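**Q** predicted model follows, preceded by the sequence.
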Amino acid sequence: MSPAYNSNEDWMKLLVSQTKQRLEKIYEGGGKKAMEKQKERNKLCARARISYLLDDPANFIEIGAFAGYEMYEEVGGCQAGGTVAGIGYVSGRQVVIVANDQTVKAGAWFPITGKKNLRMQEIAMENNLPIIYLVDSAGVFLPFQDEIFPDKEHFGRIFRNNARMSAMGITQIAAVMGACVAGGAYLPIMSDETLMVEGNGSIFLAGSYLVKAAIGENIDNETLGGAITHTEISGIADYKFETEEACLDHIKSIIGRLGKNPTAGFNRIETKEPQKDPNEIYGQIPVGNQKPYDMLEIIERLVDDSHFEQFKEDYGKTILCGYARIEGWSVGIVANQRLVSKNKKGEMQIGGVIYNDSADKSARFIMNCNQKNIPLIFLQDVTGFMVGSRSEHSGIIKDGAKMVNAVANSVVPKITIIIGNSYGAGNYAMCGKAYDPRAIYSWPSSKIAVMGGEQAAKTLLQIQVATLKGKGKEITEAEQQHLLKTIQDKYEKQSSPFYAAARLWVDAIIDPIDTRKYISEAIKAANENPQKEKFNLGLLQV
């Protein structure tokens, strides 16, 4: 291997290592003391509950582990958004699991907790997957109640989704293993079946202290809303268990009895490993993503047998489109090509930029995949659409609109992997979060922003300097450089994958070597939903 390859590999592996180190800290939840308190009460932590429930914990696709990362620091933070969630297999069935982490602020709901839970319900609804709630929460985190309580995408949307999923025939199982209070009490009762653990599980609209304050009644929490009360008196819960393990075993039994669903019919054959070594993915992207590279080299290390059948290979070269298989699944791939190339007129085109011809090609290919019922994979490393008089006069906005329209109206599953840059409208055209990908993951080398940090910092600097001069203030070169660095540092932080994952702009930051697995599991989930809308581009016909 060349020195450049070795340098690239070292850089990417360092990013992967840094990501894993941060995850290890997140996995500690609320810390060792909080974990010990769980044990003292004969309670498992959220991750232990999920591990016990799963057929194979190694196959668990965790979603939103970085939710809340470096947010809410004024109140001590909120590790993983106070919730552990993802997709795994229980009794051989692919399911969504959402578990409150009681060690993080007593499992209280922060704004990001609500967003994460809504994302998990969205995954269940889009893919027709059963969902299991492991409930152990003190309810809304009151200091932030105005950011989670009343709006459309806030706490109440959870229960609206409970009702919608019930109408859609999606199985919902709730196991109450700790507190379940106030509005949160509706979640288990709106599920299909409710299980409770004696001694720890409780459901009530108001706890004993609030009952005393409100109506003067003296009562303990267990009598008010414990497992015995709700299985023998109110009839709210369906089952009670002496231990958490017994409760989780019964969930396995329930899932094991579910009938099979019809599938979406996505084509799958026997899996073939890539001919090119997948481990060599680490050395393909240049350090800092500053230089051109061949996206085809990455694709051929992701797809079965390293076989990629290109669509319009010699046209619109800044985007690669083509057919392939990933772990046997038939897929259509749309990927930004970072190499410099020449168009049909002999003009040089910058890699990673979407030109008129590449937008036109992509829109046509996306239409083809919808016609053939083939899931779409977007591999993003895009700096945006081409600007300037030549592109504007050639109708880049019109061609870009065609591509965006095709992505927005696509009815086959879309799975997005952000490999490098994801800037400006390129994020939209390449199926960013706003365009409803079934799954969206990023590599540790990714950056999401309106534009690159250096360009953005210089633009903002010009505006600030002009504003100061307009007020009659002079600014020295040294002051300008200091201001430039301050702006650039802030912008770089906000464009990092950790910043994006903290806000759930992406579902997870993944090790590049696991990309095939994540794509395959996403398609497997999508295949569980046979319902397909009619593909229609509306007024913007291509």
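**A** Noted; the coordinates are in hand. Residues are numbered from 1 along each chain as shown.
**Q** ranges for the strands of the stretch 51-200 of the chain?
**A** For the stretch 51-200 of the chain, the strands defined by DSSP state E, counting those that start in this stretch cover 61-62, 83-90, 93-100, 131-137, 172-181, 193-197.
**Q** how close does the residue of the chain most remote from its centre sit to residue 483?
**A** Each residue of the chain has a distance to the centre, and by CA atoms, centre = their mean the biggest one is for residue 472: 47.6 Å. With distances taken as CB to CB, to the nearest Å, residue 472 is found 18 Å from residue 483. Backbone N, C-alpha and C define where each C-beta goes, glycine included.
**Q** now do residue 97
**A** Taking CB to CB, one finds residue 97 at 47 Å from residue 483.
**Q** so these two - more neighbours on which side?
**A** Counted by other CB atoms under 10 Å, residue 97 and residue 483 do not tie: residue 97 has more neighbours, with 26 against 17.
**Q** who does the more buried one bridge with?
**A** On the basis of DSSP bridges, residue 97 is bridged to residue 86, residue 132.
**Q** check contacts around it.
**A** 50, 53, 54, 85, 86, 87, 88, 90, 131, 132, 134 (CB atoms under 8 Å, 6 or more residues apart in numbering).
**Q** the fourth one contacts residue 49, doesn't it?
**A** Which is residue 85. No. With contacts counted by CB atoms under 8 Å, residue 85 stays clear of residue 49, the gap being 11.9 Å.
**Q** between those two, what contacts are shared?
**A** Taking CB under 8 Å, 6+ apart as the contact rule, residue 85 and residue 49 both touch residue 99.
**Q** which of the two has more neighbours?
**A** Set side by side, residue 85 and residue 49 show more neighbours around residue 85, with 29 against 26, by other CB under 10 Å.
**Q** now that one: how far from residue 220?
**A** Distance, residue 85 to residue 220, by CB to CB: 32 Å.
**Q** state the pLDDT value of residue 183.
**A** Residue 183 is assigned 68 on the pLDDT scale.
**Q** returning to what we had before: most neighbours per residue, which of the strands of the stretch 51-200 of the chain?
**A** strand 131-137 (a mean of 27; mean count of other CB atoms under 10 Å).
**Q** pLDDT below threshold where in the stretch 1-150 of the chain?
**A** For the stretch 1-150 of the chain, no stretch is flagged by pLDDT under 70.
**Q** go again using 90 as the cut-off
**A** 1, 138-150 (pLDDT under 90).
**Q** and the one helix or strand residue 213 maps to, what's buried?
**A** Here residue 213, judged by DSSP states H and E, is contained in helix 208-215. Across helix 208-215, burial judged by 16 or more other CB atoms under 10 Å covers 208, 211.
**Q** now stretch 279-291
**A** Neighbour counts over stretch 279-291 (16+ other CB under 10 Å) mark 280, 281, 282, 283, 284, 285, 286, 289 as buried.
**Q** which residues are contacting it?
**A** 1, 4-9, 11-13, 16, 292-294, 297-298, 301-302, 381, 419-421, 445, 447, 512-513, 515.
**Q** which of those are buried?
**A** Buried among the contacts of stretch 279-291 (16+ other CB under 10 Å): 8-9, 11-13, 16, 293, 298, 301-302, 381, 419-421, 445, 447, 512-513, 515.
**Q** mind listing which of the residues you listed are in helices?
**A** 8, 9, 11, 12, 13, 16, 298, 515 (DSSP state H).
**Q** out of those, which two sit at the greatest distance?
**A** By the measure CB to CB, 11 and 515 form the most distant pair in these, at 17.5 Å.
**Q** need the contact list for the residue nearest to residue 428 when sequence neighbours are not counted.
**A** Nearest residue to residue 428 in three dimensions, chain neighbours excluded: residue 404, at 5.7 Å (CB to CB, 6 or more residues apart in numbering). Residues near residue 404 by CB under 8 Å, 6+ apart: 425, 428, 429.
**Q** so which of those is the most crowded?
**A** Neighbour max across the contacts of residue 404 (other CB under 10 Å) = residue 429, 31 neighbours.
**Q** wait, that one touches residue 401, no?
**A** No. Assessed by CB under 8 Å, residue 429 is found out of contact with residue 401, at 9.4 Å.
**Q** show me where the stretch 351-500 of the chain dips below the pLDDT cut-off.
**A** 351-352, 384-400, 449-493.
**Q** rerun that using 50 as the cut-off
**A** Nowhere does the stretch 351-500 of the chain drop to pLDDT under 50.
**Q** so where do the helices sit in it?
**A** Using DSSP state H, counting those that start in this stretch, the helices of the stretch 351-500 of the chain run over 356-372, 389-393, 396-409, 424-429, 453-470, 477-494, 497-502.
**Q** ok, residues contacting the shortest one?
**A** If you take CB under 8 Å, 6+ apart as the criterion, helix 389-393 is touched by 355, 356, 385.
**Q** please convert these to a markdown table, extending it with neighbour count.
**A** What follows is the contacts of helix 389-393, written out as a markdown table (neighbours: other CB atoms under 10 Å):
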| residue | neighbour count |
| --- | --- |
| 355 | 25 |
| 356 | 21 |
| 385 | 24 |
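**Q** all strands for the stretch 201-350 of the chain, in order.
**A** Ranges of strands within the stretch 201-350 of the chain are 202-204, 239-241, 309-310, 319-326, 329-336, 341-342, 348-349, based on DSSP E, counting those that start in this stretch.
**Q** out of the ones you listed, flag the one nearest residue 491.
**A** Residue 491 lies closest to strand 329-336 among those, at 21.4 Å (CB to CB).
**Q** what helices or strands is that closest one leaning on?
**A** If you count contacts as 3 or more CB pairs under 8 Å, 6 or more residues apart in numbering; DSSP states H and E, strand 329-336 packs onto helix 295-299, strand 319-326, helix 356-372, strand 376-382, helix 515-526.
**Q** between the ones you listed, which one is nearest to residue 193?
**A** helix 515-526 (22.2 Å).
**Q** any idea of the mean pLDDT in the closest one?
**A** According to the model, helix 515-526 has a mean pLDDT of 98.
**Q** how about that helix: buried residues?
**A** For helix 515-526, a neighbour-count test (16+ other CB under 10 Å) marks 515, 516, 518, 519, 520, 521, 522, 523, 524, 525, 526 as buried.
**Q** so what touches it?
**A** So helix 515-526 is contacted by 59, 61, 87, 94, 123, 126-127, 129, 264, 266, 278, 281, 302, 326-329, 331, 375, 377, 413, 415, 417, 438-439, 441, 443, 508, 510 (CB under 8 Å, 6+ apart).
**Q** just checking, residue 102 touches residue 139?
**A** No. Counting by CB under 8 Å, residue 139 is not a contact partner of residue 102; they are 12.0 Å apart.
**Q** now list whatever residues contact both of these two.
**A** Common neighbours of residue 102 and residue 139 are listed as residue 179 (criterion: CB under 8 Å, 6+ apart).
**Q** who's more crowded, these two?
**A** residue 102 (29 against 19).
**Q** next, the more buried one: phi, psi?
**A** phi -70, psi -20 (degrees, to the nearest 10).
**Q** which ones are touching it?
**A** Counting by CB under 8 Å, 6+ apart, residue 102 has contacts 34, 38, 43, 45, 46, 136, 137, 138, 178, 179.
**Q** now the fifth one: how far from residue 137?
**A** Read it as residue 46. 11 Å.
**Q** shared neighbours of the two, which are they?
**A** Shared contacts of residue 46 and residue 137 (CB under 8 Å, 6+ apart): 100, 102.
**Q** confirm for me that residue 422 is in contact with residue 432.
**A** Yes. Residue 422 is within contact range of residue 432, at 6.5 Å (criterion: CB under 8 Å).
**Q** just the terminal-to-terminal distance for stretch 427-444.
**A** 17 Å (CA to CA, to the nearest Å).
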